[in-house]
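Novice: Here is my input; please provide its structure:
(2 chains)
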Amino acid sequence: MNPLFRDLGDGAVVRTYTLDDAQALYDLIDANRDHLRPWMIWEHSTKSVDDTRTFIQSCLDDRVSIEGNGIFVDGELAGGIGLDIDTLSNSGEIGYWLAQEYEGRGIVTRACEWFFDLAFDELGLHRMELQAASDNERSRAVAGRLGMREEGVWRDGIRVADGYLDSVGYGILEDEWRARRVRT
Amino acid sequence: MRSDLRIELGGGAVLRPYSTTDADALFAVIDSNRVRLARWFHWVDDATAASSQTAYIESRVDDGRSLDGNGIWVGDDLAGGCDLMISGSDDVGELGFWLDEEFVGRGLVTRAAQALMTRGYEDEGLHRTQLRAGVDNLRSRAVAKRLGMREEGVLRGAGKVGGGLYVDLVIYGQVVDDWRKTV
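Specialist: Okay, here's the model as predicted:
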């Protein structure tokens, strides 16, 4: 996959990370540790810029999934978004995070919408999934705004620094996404 | 996969990983069960000759952890397969299994899956095991119940099966604390 770039409007951009983003990525995670720790296991394992560099390089080496993308607002890194692709079931899973100061502007929803277009139109995937901790109301609201349907609760489905959280599974099929896009 | 895995299942049945010399037997069993298996598994379409099964078996590398790439053998006959897939350092194991029609109804899959789950929890430190089964695959769903797994939801269109079709999958899960109560 070639590097992605998408202008989401209002100064927000999604683009694939390069190794030059490693420092900014580390700094943003480091400044948002308390914000991220309840939900994101990788907060704990991100101990230095070497870790963010290793993460970006592993994403760049991945020939299937598109996990390493930054969300930028007015040129500053604001969060991340990734698409994990399962070729066996021809489906994808979206994952994202946002620094606290950028919350509430609909940035993640717009970034996800573009990734869903990419997944269904360009990559020919049949289904998109999202897992959100059952207590993560912000993340679950994104799934709702995307028109995804709640499909179940996986007990202890998400591992976090303090243990395990129940995970709500959401799914949307290609035809549902197309129907939704026509309406809105 | 674990090349040293060998579990006696009772009644002359054994669970062990495939070796490349099993490719002919594996292809023959899949080929004679093609229509049945294609309802639930996309990989049936990829099984076009013994050589495709050689390629599959060779793709299973011993990572010292994941309990996949196993056949269920009754005497010299290959009766089916049973895997507990563990990705990297994850602490979740995903069950998968299939059987030759002739060997259905003897409890082979339930015993094989139980043995793999025990290994997964006790030796590999798994926290959770899960199974996805076609909504209409009542035999697989009955296995999940016998294993004490709990139904957690329905993944719409998440199962790619033979002929490029998709089916809804029921997801079953079990956490290690629940498993401890059953043993």
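Novice: Around residue 52, how many other residues sit close by?
Specialist: In the absence of a named chain, this looks at chain A. Number of residues near A:T52 (other CB atoms under 10 Å in any protein chain shown) recorded here: 25. Where you see a C-beta, it was placed from the backbone N, CA and C, and this is true even at glycine.
Novice: Sorry, I should have been clearer: chain B.
Specialist: Per other CB under 10 Å, the neighbour tally for B:S52 reads 16.
Novice: and it, what pLDDT?
Specialist: With respect to pLDDT, B:S52 scores 94.
Novice: Now do the helices in chain A.
Specialist: A:22-31, A:33-36, A:41-45, A:49-61, A:107-117, A:137-145, A:174-183 (DSSP state H).
Novice: Include mean pLDDT when you put these into TSV, please.
Specialist: Formatted as TSV, these follow (pLDDT from 0 to 100):
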stretch	mean pLDDT
helix A:22-31	98
helix A:33-36	97
helix A:41-45	94
helix A:49-61	97
helix A:107-117	97
helix A:137-145	97
helix A:174-183	90
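Novice: looking at those helices, which is buried most?
Specialist: For the helices of chain A, the largest average neighbour count (mean count of other CB atoms under 10 Å in any protein chain shown) is found in helix A:107-117, namely a mean of 21.
Novice: what does the helix or strand encompassing B:S51 contact?
Specialist: B:S51 is part of helix B:50-59 when elements are defined by DSSP states H and E. Applying CB atoms under 8 Å, 6 or more residues apart in numbering or on different chains, the contact partners of helix B:50-59 are B:18-20, B:22-24, B:26-27, B:30, B:43, B:46-47, B:69.
Novice: Out of those residues, flag the one nearest to chain A.
Specialist: Checking the contacts of helix B:50-59 against chain A with CB to the nearest CB, the nearest one is B:W43 at 8.2 Å.
Novice: Pull up the gap between the closest residue to B:G69 other than its chain neighbours and chain A, please.
Specialist: Among residues not flanking B:G69 along the chain, B:R60 sits closest, at 3.5 Å (CB to CB, 6 or more residues apart in numbering or on different chains). Distance of B:R60 to chain A, given as CB to the nearest CB, to the nearest Å: 15 Å.
Novice: Could I get the phi/psi values of B:R60?
Specialist: Dihedral angles of B:R60 (phi, psi; degrees, to the nearest 10) stand at phi -80, psi 100.
Novice: tell me which parts of chain A are close to chain B?
Specialist: A:88-91, A:126-127, A:129, A:149, A:151-157, A:159, A:164, A:169, A:171, A:173 (CB under 8 Å from any CB of the partner chain).
Novice: Narrow those to just the buried residues.
Specialist: A:89-91, A:126-127, A:129, A:151-152, A:154-157, A:159, A:164, A:169, A:171, A:173 (16 or more other CB atoms under 10 Å in any protein chain shown).
Novice: Looking at chain B, which residue is nearest chain A?
Specialist: B:G153 (1.4 Å).
Novice: hey, what's that residue bridged with?
Specialist: A:G152, B:I171 (DSSP bridges).
Novice: so it makes contact with A:G157?
Specialist: No. Between B:G153 and A:G157 there is no contact, the gap being 10.4 Å when judged by CB atoms under 8 Å.
Novice: which residues does the residue in chain A that chain B sits nearest to contact?
Specialist: Minimum separation of chain A from chain B (CB to the nearest CB) falls at A:G152, amounting to 1.4 Å. Applying CB under 8 Å, 6+ apart to A:G152 gives the contacts A:V168, A:G169, B:E152, B:G153, B:V154, B:L155, B:I171.
Novice: mind putting those residues in JSON lines, pLDDT and distance to A:R33 included?
Specialist: Shown next, in JSON lines, are those (pLDDT from 0 to 100; distance: CB to CB, whole Å):
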{"residue": "A:V168", "pLDDT": "98", "distance to A:R33": "24"}
{"residue": "A:G169", "pLDDT": "98", "distance to A:R33": "27"}
{"residue": "B:E152", "pLDDT": "98", "distance to A:R33": "31"}
{"residue": "B:G153", "pLDDT": "98", "distance to A:R33": "32"}
{"residue": "B:V154", "pLDDT": "98", "distance to A:R33": "37"}
{"residue": "B:L155", "pLDDT": "98", "distance to A:R33": "33"}
{"residue": "B:I171", "pLDDT": "98", "distance to A:R33": "32"}
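Novice: Separate out the buried members of those residues.
Specialist: A:V168, A:G169, B:E152, B:G153, B:V154, B:L155, B:I171.
Novice: ok, of those, which one's closest to A:V64?
Specialist: A:V64 has its nearest neighbour among these in B:L155, at 20.1 Å by CB to CB.
Novice: quick one on the thing from earlier: so who does the residue of chain B closest to chain A touch?
Specialist: A:E151, A:G152, A:V153, A:W154, A:G169, B:V170, B:I171.
Novice: follow-up on the earlier one: partner strands of the helix or strand following the helix holding B:S51, with direction?
Specialist: Moving toward the C-terminus from helix B:50-59, the next helix or strand (DSSP H and E) is strand B:70-74. Take DSSP bridges as the rule and strand B:70-74 pairs in its sheet with strand B:13-17 (antiparallel), strand B:77-86 (antiparallel).
Novice: can you put the contacts of helix B:50-59 in CSV and add neighbour count and secondary structure?
Specialist: Formatted as CSV, those follow (neighbours: other CB atoms under 10 Å in any protein chain shown; DSSP: H, G, I helix; E, B strand; the rest coil):
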residue, neighbour count, secondary structure
B:Y18, 22, coil
B:S19, 13, coil
B:T20, 11, helix
B:D22, 19, helix
B:A23, 20, helix
B:D24, 15, helix
B:L26, 20, helix
B:F27, 19, helix
B:I30, 23, helix
B:W43, 18, helix
B:D46, 13, helix
B:A47, 19, coil
B:G69, 22, coil
